[in-house]
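In: predicted structure and sequence below. I'll ask about it afterward.
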Amino acid sequence: MAKRQNNPQDAGRATPREAELVRSEAPSELLRELVAHLRQNRTQLREEWVSRISETRLLTAMTKEEIFAEATSVYDSYVEALETETFEALQAYARNLSERIIPRGVETHEVVGIVLLLRDVLARSLFAKYQTDFKKLNRILDAYEPAANRIANTVAVGFVQERERVIRQQQEAIRELSTPVLQVRERLLILPIIGVIDPQRARQLTEQLLRGIRTNRAKVVVIDITGVAAMDATVANHLVQTVEASRLLGATVIVTGLSPEIAQTLVTIGVDLGKMNTVGDLQGGIEQAERLLGYKVGPLAEAR
Amino acid sequence: MEVPILKQGQVLIATFQAALSDADLKHLRIGLVEQVVKFRSRGVIVDVTAMDVMDSFASRTLREIAQMIRLRGAETVIVGIQPEVAFAMVQLGLKLEGVATALDLEEGLEYLHEKFKETN
């Protein structure tokens, strides 16, 4: 076990035998000893961890069986990460775990909490084991602590990244839902906009509309903004751009439902209203669109 | 680069390719008008479906082509501008003002035939 090396630097400091003992325990050997200890005591350490988890009332959204099952996987991944000193597998596991528990309502503080608890439980067991050899305990902790911190970091970051991914996905879904492009007649599309338009939504709106014009081969589009209370100059400009881009695809745009506030904004920013085709309300807009398309609509009784 | 120009009755159809250089565009400007004169065309369709970018030079050239052709008493329609290209163009302020546009070849032909009826 002891490696016989003669390092001239250490000659004056320690006795040769002590120096040999120090060099014989390279960090990787210490880690191996640590990992062996964690594996040997797997059952009791894991149980201690699980009971600390319920003591501190974490993971209340999960059942005891679920917690135990996940705890086992986390423990094994933890030890494996310590052993191999690679964290990709742990990262993948953390994201996979997050994907499963986020829909269950598990919060960030709970995930960070349980990982730190495990870190503590394992650290305490090391204190207990090496309590008679303070120098060795220090060396073991030197090996353990950076790895344990990296693990806690990896798991927490993995969880947060997964949450952010879910939020982005939901935002995207909401945005798509809220801007339907509807075909109401051959070559006639309606785009009813409701709520707040931020620049990002405005951009998405334009992209959806242009694609819709091409797909439905629309010649007229009625954009109704009755449901939009106000828009700032940026978004108003974006609306103008939408009208212009639609024209490049051969479609005429009629904007309906402008509130007094929005009319004010458009006039203030100096929009060339000669270029913008506007009608008071949606009904009027559709009627004008039908005329443009050559439709004549009226009650049956009047039909000659 | 040779741009194919087809004749369909009184209409000329020029199909622009994806990567036209400034020199190509300059040749086309004169070339198209010469063809309008030669065939006594009443309308020209410029199909830009294959163009995935439209810069300010291309945009200006298209406007100039339309103006020059109008001086020969003929009408120009630009067709096939892709949604992404249209979006980029308006953001850069390239509006192709005063130039007729249509969704595709079919729409372009229909537009021209309506125009011909008006002036008959």
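Out: Thanks, I have it.

In: how about the residues of chain B near chain A?
Out: Residues of chain B found near chain A (Cβ under 8 Å from any Cβ of the partner chain) are B:78-79, B:81, B:83-84, B:86-87, B:89-91, B:95-96, B:101-104, B:107, B:111. For the C-beta atoms, the positions are set from N, CA and C on the backbone; glycine is no exception.

In: which of those are buried? Put it as a ChimeraX command.
Out: Buried subset of the residues of chain B next to chain A, written as a ChimeraX selection, criterion 16 or more other Cβ atoms under 10 Å in any protein chain shown:
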select /B:78,79,81,83,86,87,89,90,95,96,101,102,103,104,107,111
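
In: in strands, which of the residues of chain B next to chain A appear?
Out: In this view, the residues of chain B next to chain A that belong to strands under DSSP state E are B:78-79, B:101-102.

In: out of these, which is nearest to A:T278?
Out: Closest approach between those and A:T278, by Cβ to Cβ: B:T101, at 20.7 Å.

In: show me what contacts the closest one?
Out: By Cβ atoms under 8 Å, 6 or more residues apart in numbering or on different chains, the contact list for B:T101 reads A:247-250, B:77-79, B:81.

In: A:L210: which of those residues is nearest?
Out: Nearest to A:L210 among these, with distances taken as Cβ to Cβ, is A:L249, at 6.2 Å.

In: so what's that closest one up against?
Out: A:210, A:213-214, B:81, B:83, B:86, B:101, B:103.

In: 10 Å instead, please
Out: For A:L249, the contact set (Cβ atoms under 10 Å, 6 or more residues apart in numbering or on different chains) comprises A:209-214, A:217-219, A:221, B:79-83, B:85-86, B:101-104, B:107.

In: so where's the longest helix in chain A?
Out: In chain A, assigned by DSSP state H, the helix with the most residues is helix A:134-177.

In: immediately after that one, which helix or strand?
Out: As assigned by DSSP states H and E, the chain's next helix or strand after helix A:134-177 is strand A:182-185.

In: could you pull up the mean pLDDT of that following strand?
Out: Averaging pLDDT along strand A:182-185 gives 91.

In: state the mean pLDDT of the single longest helix found in chain B.
Out: Across chain B, the longest stretch assigned as helix under DSSP H is helix B:22-39. For helix B:22-39, the mean pLDDT works out to 91.

In: so which elements touch that helix?
Out: strand B:5-8, strand B:11-15, strand B:43-47, helix B:56-71 (3 or more Cβ pairs under 10 Å, 6 or more residues apart in numbering or on different chains; DSSP states H and E).

In: may I see the buried residues of it?
Out: So, applying 16+ other Cβ under 10 Å, buried residues of helix B:22-39: B:24-25, B:28-29, B:31-33, B:35-36.

In: which single one of those residues is nearest to chain A?
Out: B:L25 (18.1 Å; Cβ to the nearest Cβ).

In: so the closest one sits against B:R60, correct?
Out: Yes - if you go by Cβ atoms under 10 Å, B:L25 and B:R60 touch, sitting 9.1 Å apart.

In: report the rounded mean pLDDT for stretch A:110-126.
Out: For stretch A:110-126, the mean pLDDT works out to 91.

In: what's the mean pLDDT across the one helix or strand A:Q208 maps to?
Out: Assigned by DSSP H and E, A:Q208 falls within helix A:199-216. Mean pLDDT, computed over helix A:199-216, is 91.

In: quick one, strands of the stretch 201-304 of chain A?
Out: Secondary structure of the stretch 201-304 of chain A (DSSP state E, counting those that start in this stretch): strands at A:220-227, A:252-256, A:277-279.

In: chain B: which of these is closest?
Out: The nearest among the strands of the stretch 201-304 of chain A, by Cβ to the nearest Cβ, is strand A:252-256 at 10.7 Å.

In: who's the most centrally placed residue in chain B bridged to?
Out: The centroid of chain B falls nearest to B:V46 when counting by Cα atoms, centre = their mean (2.9 Å). With DSSP bridges as the criterion, B:V46 is bridged to B:A14, B:I78.

In: my guess is it contacts B:F16, does it?
Out: Yes - using Cβ under 10 Å, B:V46 is in contact with B:F16, at 6.4 Å.

In: quick check: neighbours shared by the two?
Out: With Cβ under 10 Å, 6+ apart, B:V46 and B:F16 have common neighbours B:3, B:28, B:62, B:78, B:80.

In: list of residues touching stretch B:21-31?
Out: Against stretch B:21-31 from outside (Cβ under 10 Å, 6+ apart): B:1-3, B:5, B:14, B:16-17, B:20, B:46, B:55, B:57-58, B:60-62, B:64-65, B:68-69.

In: mind running it again at 7 Å?
Out: Residues outside stretch B:21-31 that contact it (Cβ atoms under 7 Å, 6 or more residues apart in numbering or on different chains): B:1, B:3, B:57-58, B:61, B:64-65, B:68.

In: pLDDT and distance to A:L82 added to those residues, as JSON lines?
Out: Shown next, in JSON lines, are those (pLDDT from 0 to 100; distance: Cβ to Cβ, whole Å):
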{"residue": "B:M1", "pLDDT": "65", "distance to A:L82": "63"}
{"residue": "B:V3", "pLDDT": "87", "distance to A:L82": "67"}
{"residue": "B:F57", "pLDDT": "92", "distance to A:L82": "62"}
{"residue": "B:A58", "pLDDT": "92", "distance to A:L82": "61"}
{"residue": "B:T61", "pLDDT": "93", "distance to A:L82": "66"}
{"residue": "B:E64", "pLDDT": "93", "distance to A:L82": "71"}
{"residue": "B:I65", "pLDDT": "94", "distance to A:L82": "71"}
{"residue": "B:M68", "pLDDT": "93", "distance to A:L82": "76"}
